[in-house]
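Peer 1: sequence first, predicted model second:
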Amino acid sequence: MDFKEIVIPQIDVNDDKVTIESLEFEDGQKVNKDDVIFSVSTAKSVEDFICEYSGFIVFNVEDGDEVKIGTTVAFVFETKEIALRKSEEIQQKRDAIVTYSASKKAIKYANEILFNLVKIKKDGIIKVKDIKEYIEMNGE
């Protein structure tokens with residue numbers, strides 16, 4: 001899989017993070033060398049990023065994301081097919097990131113029995129009894 005990475009460089013010596021302001025292309029779209037592909041904001045300015053390559057772009061970030069300097073924010077692929085496969089892979093990883101709140105005891109218990117707390121859909125804090133109820137009801 002031949003591709004080029006687009007990484008956030010150090011823009012200002014005082015900034016260790018930037019905010020993605022606008023992505024100018026959709027995943028899988030054709031970009032040409034010298035196209036403006038996205039903008040970022042720092043504490044002092046907004047910067048446009050110019051693509052150094054031609055190909056099919058896939059972003060590793062979304063509008064509004066705050067990212068550290070040195071983060072890979074996009075890839076440019078030789079073919080649209082490969083770009084779309086990478087886009088799907090990135091989206092699956094983003095969809096898999098689920099937040100939950102759990103007590104320290106619940107986290108410890110889940111780790112001991114190798115249980116994935118993401119399985120429990122609950123408003124509020126997950127407790128040990130919630131894990132035990134889930135396992136009992138779902139036969140795990």
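Peer 2: Cool, the structure landed. Bear in mind that the values here come from a model prediction, so they are computed numbers and not experimental data.
Peer 1: and the closest residue to residue 6 other than its chain neighbours, bridged to which residues?
Peer 2: Sequence neighbours aside, residue 74 is the residue nearest to residue 6 in space, at 4.1 Å (criterion: C-beta to C-beta, 6 or more residues apart in numbering). (C-beta placed from N, C-alpha, C; glycine too.) Bridge pairing for residue 74 (DSSP bridges) gives the partners residue 6, residue 59.
Peer 1: do you know how far residue 74 is from residue 42?
Peer 2: Per C-beta to C-beta, to the nearest Å, residue 74 is found 18 Å from residue 42.
Peer 1: so between these two, which is more surrounded?
Peer 2: Legend: neighbour count by other C-beta atoms under 10 Å for residue 74 and residue 42, higher for residue 74 (23 against 15).
Peer 1: residues in contact with the more buried one?
Peer 2: Residue 74 makes contacts with 5-6, 37-38, 57-61, as judged by C-beta atoms under 8 Å, 6 or more residues apart in numbering.
Peer 1: show me the helices in this protein, by range?
Peer 2: Across the chain, reading from the start of the chain, the helices by DSSP state H fall at 80-96, 104-112, 128-138.
Peer 1: export the ones you listed to JSON lines and append columns for distance to residue 17.
Peer 2: Rendered in JSON lines, the data for these read as follows (distance: least, C-beta to C-beta, whole Å):
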{"stretch": "helix 80-96", "distance to residue 17": "19"}
{"stretch": "helix 104-112", "distance to residue 17": "28"}
{"stretch": "helix 128-138", "distance to residue 17": "35"}
